[in-house]
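1. coordinates only, no sequence provided:
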């Protein structure tokens, strides 16, 4: 009898608990949220937009996009690949570019137009399409100029700014065509300056701008802009473990482009100094082993006949010396400074010299036989066949 009473009491308590749970879970008339059932997701009601005008930052972004985006184009390149049977197969890729004058010249990346058999440019406004031709290319800086014939149609020009005085933390906006989505705007900041990156062929590109403005495949060649809507860089690469943006993108500084654009338009190539040498990067360990007077610089081994270094009187090595498993050609000059900048590697020396024009003169600070000297080196022009 007692056991039956306890079971009845337990059943009654469970029923009361179930009823209470149902009442608490049931939406009230004041609760706007709809009930959700097993296998269903409750709908989400969006919060209302705040009343009042746009923020100053939003207004600036909108105005920059309105003014500049018509000058950013989509570039479709057609190259020839080969299938399994070695038959030629057309392959298409896409990138971005910036119109830089009313004549239809467009600045983009070299890798966007490399080996292209056909180039087609699409304007954002009215989606007008033009066939383009390559005017000039500069692989070392991953830049190129292509041209369309606007046929007297008005073009929007992307204004060139200045990249010399940029600061980390400045606003940066990227406009381009990631994954073919034309006219895409992303916003971020300048994350770092004076980075050095390598292009797909291993060439060093110096002084690039790092940004966290989202850049993806298809953004290449498009502009990186400042808060005034001026181009400060040309988006060229991303660092990614997934193939998409993780907030690390790189842009070639616009000052680099400004320096070479006249050459690309007038001659199709960049006039560069002829200055080549072979040598060794000096480290504290190498300086100690060889009893050198400095712990940083380039120890010259060999020079190219007729180049700027040899014509200026720089001397190469004369005797062979074994250091561990390496055989070094020693006795040459040690270059520690070029054009007022410290030299810590051959790559750095090439970059310093490469920023100057043929016909200009720069000073080299060297050590010869333990004695410090300064040599004035006139930069000769690199021959076309090199």
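-> Cool, the structure landed. Keep in mind it's a predicted model, so treat the numbers as computed, not measured.

2. list the beta-bridge partners for residue 147.
-> residue 105, residue 133 (DSSP bridges).

3. okay, and for the chain, where does confidence drop off?
-> Within the chain, the stretches with pLDDT under 70 are 1-52, 79-92, 126-127, 180, 198-204, 239-247, 384-386.

4. biggest strand in it by residues?
-> When the chain is parsed with DSSP state E, its longest strand is strand 184-198.

5. what does whichever helix or strand comes after that strand rub up against?
-> Heading C-terminal from strand 184-198, the first helix or strand you meet, by DSSP states H and E, is strand 204-211. With contact meaning Cβ atoms under 8 Å, 6 or more residues apart in numbering, strand 204-211 is reached by 140-142, 163, 166, 172, 174, 188-199, 224, 232-233, 236, 248-253, 256, 347, 351. Quick note: C-beta positions are derived from backbone N, CA and C, even for glycine.

6. contacts for the very next helix or strand once past strand 204-211?
-> Next helix or strand after strand 204-211 toward the C-terminus (DSSP H and E): strand 223-225. For strand 223-225, contacts defined as Cβ under 8 Å, 6+ apart pick out 64, 68, 72, 98, 158, 161, 172-176, 209, 211, 213, 231-235, 251.

7. centre of the chain versus strand 223-225, how much separation?
-> Between the centre of strand 223-225 and the centre of its chain there are 11 Å (Cα atoms, centre = their mean, to the nearest Å).

8. tell me the strands beside it, with direction?
-> Partners of strand 223-225 in the sheet, by DSSP bridges, are strand 171-176 (antiparallel), strand 231-238 (antiparallel).

9. related to what we said a few turns ago, just the buried subset of the contacts of strand 204-211, please.
-> Buried by 16 or more other Cβ atoms under 10 Å: 140-142, 163, 166, 172, 174, 188, 190-191, 197, 199, 224, 232-233, 236, 248-253, 256, 351, out of those.

10. follow-up on the earlier one: distance to residue 121 added to the strands paired with strand 223-225, as a markdown table?
-> Shown next, in a markdown table, are the strands paired with strand 223-225 (distance: least, Cβ to Cβ, whole Å):
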| stretch | distance to residue 121 |
| --- | --- |
| strand 171-176 | 14 |
| strand 231-238 | 16 |
